[in-house]
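Asks: Sequence and computational prediction follow.
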Number of protein chains: 2
Amino acid sequence: MSDSPNADSREDAHPIAAILDDLAVLAVRRLSTREISLTAATTLSYLDRNGPARLSVLAAEQGVTQPSMTQLVQRLEREGLVSRGVDAQDGRAVLVGVTDAGRALLAERRRRRRERLDEMLGTLSPGELRELTRAAGEFLPLLRRLLQSAADE
Amino acid sequence: MSDSPNADSREDAHPIAAILDDLAVLAVRRLSTREISLTAATTLSYLDRNGPARLSVLAAEQGVTQPSMTQLVQRLEREGLVSRGVDAQDGRAVLVGVTDAGRALLAERRRRRRERLDEMLGTLSPGELRELTRAAGEFLPLLRRLLQSAADE
DNA sequence: ACAGTTGTATAAGCTTCCTATGTAAATCTG
DNA sequence: CAGATTTACATAGGAAGCTTATACAACTGT
């Protein structure tokens, strides 16, 4: 059990792996808002973009189990962010929709995260910022396609 | 709000912010491993790269509270992934270091993530892959600097 | 109409975070 | 140098958010 530092441990990975790691840290650590969980936010966002959806669809979409989504929707309903209705076509199904309050929270969350990211970008020098913007414009679309195609499997 | 020369530089950052935000969420979803939490993994990784560190340093580094880090270290110690010792210079402080088992787990985690990444990259054409890797090489250092400067505040 | 399937809810439990507070070692102060 | 303060960590109690196992009601096919 030696405790000598291993300087290479991070560098032996593919640069993309390192980027994904860093992005995960960015999402969870630097941009996390305490008011709402990541799953809650992306669920609201999904409902906002796609309209009312069934519980099971939301669960699959978010990659959580159905009971987890039941609980999440219950919490969101308690806070007035979503509303629930019965599917007219199928009496078993629950249709979940985002409320105006939910949309307002989404907008506020987007504003806050953007603000924080802008702060972070503000710590870079103008040259670095320009370089980051240029590199990001090239790289991020590629990365997005990669992640999306992986999600569609 | 004016048409001063600098008015646009901030606007230019916004598209980057939006894409970064989206990708960060995707990264969290696609790369989460169930065997160990993100904080646990990045803490082990930090110890592996930097050698033994105090509890409070680890807490600050990971952006969690000191009691949370105490608990995390207790769990990691119970699983044999870290060891604890008293700082010879300061009887209050605890020095946490990664064990061989911890390093082995890190290596295994990296291997698994690498495997998954390779699957994703396998869906690209050789040309796309080359392009993505090249762009990543430019983008990664800048992303690192962004995260670093944000962490130092 | 009855059996099987499907959509959701409930129960029980785990992990990981939090705030509030306790304790002991180090440091400052008169 | 003794008492007060600060610092580093531990403990207690609780909440969020996830899990698996199970129950139940509504739909579906024969």
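Replies: Thanks, I have it. Numbering: from 1, shown residues only, chains lettered A, B, ... in the order given.
Asks: Just to be sure, A:Glu119 is in a helix?
Replies: Yes: assessed with DSSP: H, G, I helix; E, B strand; the rest coil, A:Glu119 lies in a helix.
Asks: any weak-confidence spans in chain A?
Replies: A:1-13, A:30, A:149-153 (pLDDT under 70).
Asks: one more time with 50
Replies: A:1-11, A:153 (pLDDT under 50).
Asks: can you pull out the helices in it?
Replies: Taking DSSP state H, the helices of chain A run over residues A:15-25, A:38-50, A:55-62, A:66-78, A:100-122, A:126-151.
Asks: and these, which is most packed in?
Replies: helix A:15-25 (a mean of 21; mean count of other Cβ atoms under 10 Å in any protein chain shown). Quick note: C-beta positions are derived from backbone N, CA and C, even for glycine.
Asks: Do that helix and chain B come into contact?
Replies: Yes: contact between helix A:15-25 and chain B, assessed by Cβ under 8 Å from any Cβ of the partner chain, occurs at A:15-25.
Asks: which helices and strands does that helix pack with?
Replies: Here helix A:15-25 touches helix A:126-151, helix B:7-31, helix B:38-50, helix B:100-121, helix B:126-151, going by 3 or more Cβ pairs under 8 Å, 6 or more residues apart in numbering or on different chains; DSSP states H and E.
Asks: one step back: out of the helices of chain A, nearest to B:Ala93?
Replies: The closest of these to B:Ala93 is helix A:15-25. By Cβ to Cβ, the value is 25.8 Å.
Asks: Next, report how far that closest one is displaced from the centre of its chain.
Replies: In terms of Cα atoms, centre = their mean, to the nearest Å, the centre of helix A:15-25 is found 15 Å from the chain centre.
Asks: how big is the angle separating that helix from helix B:38-50?
Replies: Relative orientation of helix A:15-25 and helix B:38-50, computed by axes from the mean of the first three to the mean of the last three Cα atoms, to 10 degrees: 130 degrees.
Asks: Give me the residues contacting helix A:15-25.
Replies: Contact with helix A:15-25 is made by A:10, A:143, A:146, B:20, B:23-24, B:26-28, B:30-31, B:38, B:42, B:110, B:113-114, B:117, B:121, B:132-133, B:136-137, B:139-140, B:143-144, B:147, as judged by Cβ atoms under 8 Å, 6 or more residues apart in numbering or on different chains.
Asks: Then stretch A:58-73?
Replies: A:39-40, A:42-43, A:46-47, A:53, A:55-56, A:82, A:84, A:94, A:96, B:29.
Asks: that older thread, okay, the residues of helix A:15-25 next to chain B in a markdown table with distance to DNA strand C next?
Replies: Shown next, in a markdown table, are the residues of helix A:15-25 next to chain B (distance: Cβ to the nearest atom of the strand, whole Å):
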| residue | distance to DNA strand C |
| --- | --- |
| A:Pro15 | 26 |
| A:Ile16 | 24 |
| A:Ala17 | 21 |
| A:Ala18 | 21 |
| A:Ile19 | 21 |
| A:Leu20 | 18 |
| A:Asp21 | 15 |
| A:Asp22 | 17 |
| A:Leu23 | 17 |
| A:Ala24 | 12 |
| A:Val25 | 12 |
